[in-house]
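Asker: here is a sequence together with a model predicted from it:
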Amino acid sequence: MKFEMLKTLSRAGVVAVAALAAAGAASAADRVLKIQTSSNASHASLAYLNEVWVPKLEAMTGGSLTVELLPINAVVPRRETPEAIGVGILDGDLTSINYFAGVDPAFALMGDLIAGYDSADQIQAFCAQGGGKEMLQKLYDTHFPGVHVVGCGAYAREAFVSKVPVRGVADLAGLKIRSPEGLAADVFKRAGAAPVSMAGSETYGALEKGVIDAADNSAYANNDANGMHKIAKYPIYPGIHSTPILQFTVSEQVWEELTEAEQVALETWYLAAYNGLRQHFERLDRQLVARDKAEGEITVIDWPQEERDKFRKIAQEAWEDFAAGSDLAKEVYDAHIAFMKEAGLL
């Protein structure tokens, strides 16, 4: 959204934030940062962070600082959070990097290296120790000056829901799959599938009506909660495709206004919270998978490593093509490849 348009919406945005704040539990912290997330209001991940980790930040700072995590689109459309941060409508975001892929293909590669990583833990390591956070800050300095990257990471590898058994790459041929646009869709197309772009909220109805056969769709626990497995009884777990990387950013002005102790606390809190979230979802996913295998009504498919490697080779071709899209995209690609080689993934 253009700056002038955002200015006209700023009053409405502030009112919306105020209303959301009033509806939630009041905080005694001296300063509350309004952070829009990419989670739906009903997502277990948002509830877990709000209930378990948000109170810890206030405790860590002695009551001087906390955050209010708002659901997706609560104040501005999901793709407009960086601009909203720049003009003060939001203090920050905790959202999908992939939303900004249309700005630069570098965001697509930074947001989800499709079929690249085997676990969210590996991505957290890339962000924290492998140069990922610094690379993301470079993207923001180039395209959205005034945004400070506190951190980035992933909490779950997305599972795959399907109405038919998909036991390897060959079974993807002709399959109508709900997929995000861009890099994700490109990889599925190269594998022989027919990607269909739609919002996550439309996935259940599309599966039910036969518009799609399968979907690359959220964590196993979220799919269970949303009833996906009632109509798509052949989930793939662990997933084969997406492990979205989320960013935690605040405005540079907000960052500079924090004390050094608050800055350290915010960075430390984020790393701890996302580590806790990852562990929570991994445990919950495994519990639900074990339950479903025991009950026998759902066939949980785990691709053998040779099929996962075959799919990754297809994905690598797409990574390389996207890397050619801009100088920054090539830098992101090189950073991923260097880290993955060190981690033994390539």
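Answerer: Noted; the coordinates are in hand. Please read these numbers as outputs of a predicted model, since none were measured by experiment.
Asker: where does the stretch 201-346 of the chain dip in pLDDT?
Answerer: The stretch 201-346 of the chain contains no residues with pLDDT under 70.
Asker: compute the first-to-last residue distance for stretch 213-224.
Answerer: End-to-end span of stretch 213-224 (C-alpha to C-alpha, to the nearest Å): 17 Å.
Asker: what do you get for stretch 123-142?
Answerer: 23 Å.
Asker: now do stretch 140-148
Answerer: 8 Å.
Asker: now it, how far from the centre of its chain.
Answerer: 19 Å (C-alpha atoms, centre = their mean, to the nearest Å).
Asker: before we move on, what about stretch 290-300?
Answerer: On C-alpha atoms, centre = their mean, the centre of stretch 290-300 falls 27 Å from the chain's centre.
Asker: could you list the buried residues of that stretch?
Answerer: For stretch 290-300, burial by neighbour count (16 or more other C-beta atoms under 10 Å) applies to D292, I298, V300. Using the backbone N, CA and C atoms, a C-beta is placed for each residue, glycine as well.
Asker: and stretch 83-93, by the same measure?
Answerer: Applying 16+ other C-beta under 10 Å to stretch 83-93 flags E83, A84, I85, G86, V87, I89, L90, D91, G92, D93 as buried.
Asker: quick one: average confidence on that stretch?
Answerer: Across stretch 83-93, the average pLDDT comes to 97.
Asker: likewise for stretch 38-45?
Answerer: For stretch 38-45, the per-residue pLDDT averages 84.
Asker: end-to-end on it?
Answerer: Per C-alpha to C-alpha, the first residue of stretch 38-45 is 10 Å away from its last.
Asker: now stretch 38-47
Answerer: 13 Å.
Asker: how far does that stretch sit from the chain's center?
Answerer: 12 Å.
Asker: do the same with stretch 128-141
Answerer: Worked out by C-alpha atoms, centre = their mean, stretch 128-141 lies 16 Å from the chain centre.
Asker: in it, what's buried?
Answerer: Buried residues in stretch 128-141 (16+ other C-beta under 10 Å): A128, G130, G131, G132, K133, M135, L136, Q137, K138, L139, Y140.
Asker: do stretch 95-105 as well
Answerer: T95, S96, I97, N98, Y99, F100, A101, V103, D104, P105.
Asker: so for the last one, what's the pLDDT?
Answerer: What it means is P105. Reading off the model, P105 has pLDDT 95.
Asker: the residue nearest to it when sequence neighbours are not counted: what's it in contact with?
Answerer: What sits nearest to P105 in space, not counting adjacent residues and going by C-beta to C-beta, 6 or more residues apart in numbering, is G325, at 3.5 Å. Listed by C-beta atoms under 8 Å, 6 or more residues apart in numbering, the contact set of G325 reads D104, P105, A106.
Asker: between those residues, which sits nearest G192?
Answerer: Within these, proximity to G192 (C-beta to C-beta) peaks at P105, which comes in at 23.2 Å.
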